[in-house]
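Peer 1: Sequence first, predicted coordinates after that:
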Amino acid sequence: MTAPVDPTTTTAWAELSAHRDALTPDLRGWFAQDAERADRLSLDLADLHVDLSKNLVTDEILASLVKLADEAGVAERYSAMLAGEHINTTEDRAVLHTALRRPAGGSLVVDGQNIDADVQEVLAKVSAFADRVRSGEWVGVTGKRVTHVVNIGIGGSDLGPVMVYEALRPYADAGIEARFVSNIDPTDLAQKISDLDPETTLFIVASKTFTTLETLTNARLARDWLWTQLAERGVIDGDDEAKDEAVARHFIAVSTALDKVAEFGIDTDNAFGFWDWVGGRYSVDSSIGTSLAIVFGPPAFRELLAGFHAVDEHVRTTPLQKNVPVLMGLLNVWYTNFLGSQSHAVLPYAQQLSRFAAYLQQLTMESNGKSVRWDGTPVTTDTGEVFWGEPGTNGQHAFYQLIHQGTRLIPADFIAFVNPAHPLKDGERDVHGLFLANFLAQTKALAFGKTSAEVEAEGTTGPLVAARTFEGNRPTTSIFAPALTPSVLGQLIALYEHITFTQGVIWGINSFDQWGVELGKQLALQIAPAIEGDRTALEAQDASTQALLAYYQQHRTV
């Protein structure tokens, strides 16, 4: 295992510290003095046009950031990942989500296994099944075709599919709707299935090990619902064979634990596997995306994969100084470690990306929310950022006040598309054009602000001048694309995957484990018996937990 570079000992870190000490941000002045700034700091990545010019950097700062990436070994670490080296050190695993979207015909062999062949085999199996459902060849126990797919998963088995489904809904062309159940709160499942027809519903249970507490609990509840509903209709009786047939026709699995899949009652021929080198938050382009292949069709799913791969290739082949994900990751390091920023807003001007920020929260914070490096030593810098956001223009009427005039520095990524999925007019006015005017106006206002002199020139006087003054110099990155297609969505997801990767390498952390989520899950299993009345389990808890359990027992009525 190669020890991580301590970034604070590099020449670049010293240069960046000096740049920070000398920095007086002046986006107005920088643009006025440099007519080429916008052009020079705008880069194309596949179908994405990325404008970095409104960030708080000079050419000298960018050069030092690129030097930091070079000294920290970002390119070398990326090559090691692509080659299948076990860079997930705590689990001794390769990290090969990039292999999920490699085109057919390659031969990547890792640990004696032909990864490309394995991926293409599963992709072909998912595609064939999706075609059967879409065509109506696959039917439920009463012979009716599927109209609703319910994906039961949590974490990466939910956030990715939900986000992609919402983003690409205009591409749903087979009359099939998807729903997603993740929370163990019984309300989630109850609301998602309350109006469904059991005869036309297909459940997908997504759990690699088929042991995930939330997922398997919801799967059993869904199975009970199916049996009850079909029995009430007279479709099945209490006969085990009839029940088994119902499950076999209305449940499939995304899992590699075939013994547990079979024990549940799912035909193992309808189980779609993936591998331990696919982290959950990097898995939407694996068989975890089976629901997406069904709703949108295998060609659209392959287009999504091609978008991912285009960004993978950009990162692999593009010099650091022009490498878009690397530069965006370095900017995040600049804001986090040198300018004191603690959060990062992602603001898509596209209602279809309503779940994109939630998806990025797992991708970024589960990956880089670490305080030890990949060799087990403590980190030497702050790591991670709080990612958050909402679609525009909703956010403008909620939290933009803090970004514009608050005391905290909040870098923000603005994402927009030239062509809308639903072009509409309000009279003669193009509503999407009005929408994009807001996208453009917000980044302009954040960058350049409004001086007190400009406020006074409008006739404002007294204390109102200060209230209406905007200091500007609030950093933003603008990401534009022609339209939100499957390929473009894949590009956006991969962009942020590689931003996250870059930051992880700079900080020397393993971005591919998630031990921080395990302790609470273990303790929940210990506390559950206490909730159910086990005195010994209750007495094993701390005083606060005991008091809360007592409150629960006193007030539980149903």
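Peer 2: Structure received.

Peer 1: Thr485 touches Glu303, doesn't it?
Peer 2: Yes. The criterion here is Cβ atoms under 8 Å, and Thr485 meets it with Glu303 at 7.1 Å. C-beta: built from backbone N, CA, C; applies to glycine.

Peer 1: Same drill for the two, tell me which one is more crowded.
Peer 2: Thr485 (22 against 19; other Cβ atoms under 10 Å).

Peer 1: which residues sit in contact with that one?
Peer 2: Residues in contact with Thr485 (Cβ atoms under 8 Å, 6 or more residues apart in numbering) are Asp47, Glu303, Gly307.

Peer 1: Please tell me how far the nearest residue to the last one once chain neighbours are set aside sits from Gln396.
Peer 2: Excluding the flanking residues, the one nearest Gly307 by Cβ to Cβ, 6 or more residues apart in numbering is Gly490, at 2.5 Å. Relative to Gln396, Gly490 is positioned 28 Å away (Cβ to Cβ, to the nearest Å).

Peer 1: Those two: which has the busier surroundings?
Peer 2: The neighbour count for Gly490 versus Gln396, taken as other Cβ under 10 Å, is higher for Gly490 (28 against 17).

Peer 1: Need the three-state assignment for the more buried one.
Peer 2: The three-state label given to Gly490 by DSSP: H, G, I helix; E, B strand; the rest coil is helix.

Peer 1: That one reaches Arg101, doesn't it?
Peer 2: Yes. Counting by Cβ under 8 Å, Gly490 does reach Arg101; the two are 7.3 Å apart.

Peer 1: ends of stretch 136-145, how far apart?
Peer 2: By Cα to Cα, to the nearest Å, the extent of stretch 136-145 from end to end equals 5 Å.

Peer 1: tell me the average confidence for that stretch?
Peer 2: Across stretch 136-145, pLDDT averages out at 98.

Peer 1: hmm, back to that, give me the common contacts of Gly490 and Arg101.
Peer 2: Asp285, Leu305, Ala306, Phe308, His309.

Peer 1: hmm, which two among those are most spread apart?
Peer 2: Using Cβ to Cβ, the two most remote members of the shared contacts of Gly490 and Arg101 are Asp285 and Ala306, lying 10.3 Å apart.

Peer 1: So Leu523 lies in a strand, does it not?
Peer 2: No. Read with three-state DSSP, Leu523 is helix and lies in no strand.

Peer 1: Pull the contacting residues for it.
Peer 2: Contacts of Leu523 by Cβ under 8 Å, 6+ apart: none found.

Peer 1: again, but for Tyr359
Peer 2: Residues Leu159, Gly160, Val162, Met163, Ile493 are the ones in contact with Tyr359 under the rule Cβ under 8 Å, 6+ apart.

Peer 1: And those residues, which two are furthest apart?
Peer 2: Top of the distance list for the contacts of Tyr359 (Cβ to Cβ): Val162 and Ile493, 13.0 Å.

Peer 1: quick one, strands of the stretch 301-450 of the chain?
Peer 2: 343-349, 386-388, 412-417, 425-426, 429-430 (DSSP state E, counting those that start in this stretch).

Peer 1: Now do Leu331 against Val110, distance only.
Peer 2: Leu331 sits 32 Å away from Val110, going by Cβ to Cβ.

Peer 1: And those two? Which one has more around it.
Peer 2: Remark: of Leu331 and Val110, Leu331 carries more neighbours, 25 against 18, as counted by other Cβ under 10 Å.

Peer 1: If you tally nearby residues, what's the number for the closest residue in space to Lys450 that isn't next to it in sequence?
Peer 2: Leaving aside its sequence neighbours, Lys450 sits nearest to Phe470 (Cβ to Cβ, 6+ apart; 4.4 Å). Counted by other Cβ under 10 Å, the residues lying close to Phe470 total 17.

Peer 1: Distance check, Phe470 against Ala38.
Peer 2: Using Cβ to Cβ, Phe470 is found at 20 Å from Ala38.

Peer 1: how close does Thr317 get to Ala310?
Peer 2: From Thr317 across to Ala310, the span is 11 Å (Cβ to Cβ).

Peer 1: Comparing these two, which shows the higher neighbour count?
Peer 2: With neighbours defined as other Cβ under 10 Å, Thr317 and Ala310 compare such that Ala310 has more, 19 against 8.
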